[in-house]
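test case, fold it:
(one chain, ligands or ions: 1)
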Amino acid sequence: MLEISNLTHTYGSGPGAHHALGGIDLRVTQGELVCIVGPSGCGKSTLLRSIAGLLKPTGGTITLGGTPVDRTPDDLAVVFQDYSRSLFPWMSVADNVALPLRRKGMDRGRRRAAAEEALEQVGLAGASGKYPWQLSGGMQQRVSIARALAYRPSLMLMDEPFGSVDAQTREDLEDLTLRVRNHHNMTILLITHDIDESVYVGDRVVVLAKAPATVVGDLRVDLPGPRDQITTRENPAFVHLRAEVGRLVRGMRSHPAAAS
Ligand SMILES: Nc1ncnc2c1ncn2[C@@H]1O[C@H](COP(=O)(O)OP(=O)(O)OP(=O)(O)O)[C@@H](O)[C@H]1O
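This next block holds a predicted model:
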């Protein structure tokens, strides 16, 4: 459903040019949850912005559902790390969630019903009349996820979505993402700095190397389901994969017995 072929991007030109993406190839199939990890500054956000049509890459192709991405696709939703800047403080929670649905031409009643349903799915059924600033950080990020969910995108992009919340909330949001994905068979591309998180939530973990970014690892995560914050993380297969991703991120040689 998402196909990226030989994607390159260079910021600037001449001696000050920065080659951020050095030929990325990636295929994501319907219903997959793929995590992208890599060292800081390696080009993860550049990749995500290219897929979202927010940045025109220097070279290569991106297609979503067979259609070339040359602007923001209609059936795409993005969840950013900074929930406080992605929600409108003067709008109620329900209005924030319903806002993008106007693009779909849904009438007010249907927008409201879809928003209420999505809020219920993220455990915020009682918060629809509140304003974002009346909610905790974790709750605000749930609102962002509900907004993406209500839109029913064919692809959900998540850029460090849990980077600004405490550890306990982070785990809750990881589990929420897994539930949402399973319930809607949604395709998700999630960028994270957190190697443990990538293995815990991902069906696949794609590792990028730095400057310019290329794919140096693409590991399938075959862990028994349903995943659980305690038992999954102590599973030897989880521990092994986490070490393998860690090696790849640090540019170390792969372990000979690594799963791939
Ligand atoms: N607008 C820009 N102009 C010039 N260079 C840029 C621009 N945006 C990003 N870069 C550079 O491109 C490289 C990749 O940046 P990007 O934000 O994609 O990395 P990242 O992997 O998402 O980083 P982090 O993990 O720290 O969020 C970095 O070296 C960054 O400094």
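
can you show me the strands along this structure?
Along the chain, the segments classed as strands by DSSP state E run 2-11, 18-28, 33-37, 59-64, 67-68, 76-80, 155-159, 187-191, 204-209, 214-220.

nearest residue to residue 28 other than its sequence neighbours?
Closest residue in space to residue 28, ignoring its immediate chain neighbours: residue 2 at 4.2 Å, by Cβ to Cβ, 6 or more residues apart in numbering. All C-beta spots, glycine's among them, are computed from the backbone N, C-alpha and C.

what score does that neighbour have for pLDDT?
Residue 2 carries a pLDDT score of 95 in this model.

is it in a bridge, and if so with what?
residue 28, residue 64 (DSSP bridges).

which residues does it contact?
By Cβ atoms under 8 Å, 6 or more residues apart in numbering, the contact list for residue 2 reads 26, 27, 28, 51, 62, 63, 64, 155, 187, 189.

list the contacts of the fifth one.
Read it as residue 62. Residue 62 neighbours (Cβ under 8 Å, 6+ apart): 2, 3, 4, 5, 7, 50, 51, 68, 69.

now residue 203
Residues in contact with residue 203 (Cβ under 8 Å, 6+ apart) are 32, 33, 34, 220, 221.

kindly report the same for residue 129.
Contacts of residue 129 by Cβ under 8 Å, 6+ apart are 92, 93, 94.

among those, which one lies nearest to the ligand?
Closest approach to the ligand among these (Cβ to the nearest ligand atom): residue 93, at 27.7 Å.

from residue 174, how far out is that closest one?
22 Å (Cβ to Cβ, to the nearest Å).

sorry, back to before: out of the strands of the chain, which is closest to residue 102?
Closest to residue 102 of the strands of the chain, according to Cβ to Cβ: strand 76-80, at 14.1 Å.

in the lengthiest helix in the chain, what's buried?
Longest helix in the chain by number of residues (criterion: DSSP state H): helix 167-184. Within helix 167-184, the residues that count as buried by 16 or more other Cβ atoms under 10 Å are 169, 170, 171, 172, 173, 174, 175, 176, 177, 178, 180, 181.

what about the fifth one, distance to residue 54?
Meaning residue 173. Residue 173 is 23 Å from residue 54, where distance means Cβ to Cβ.
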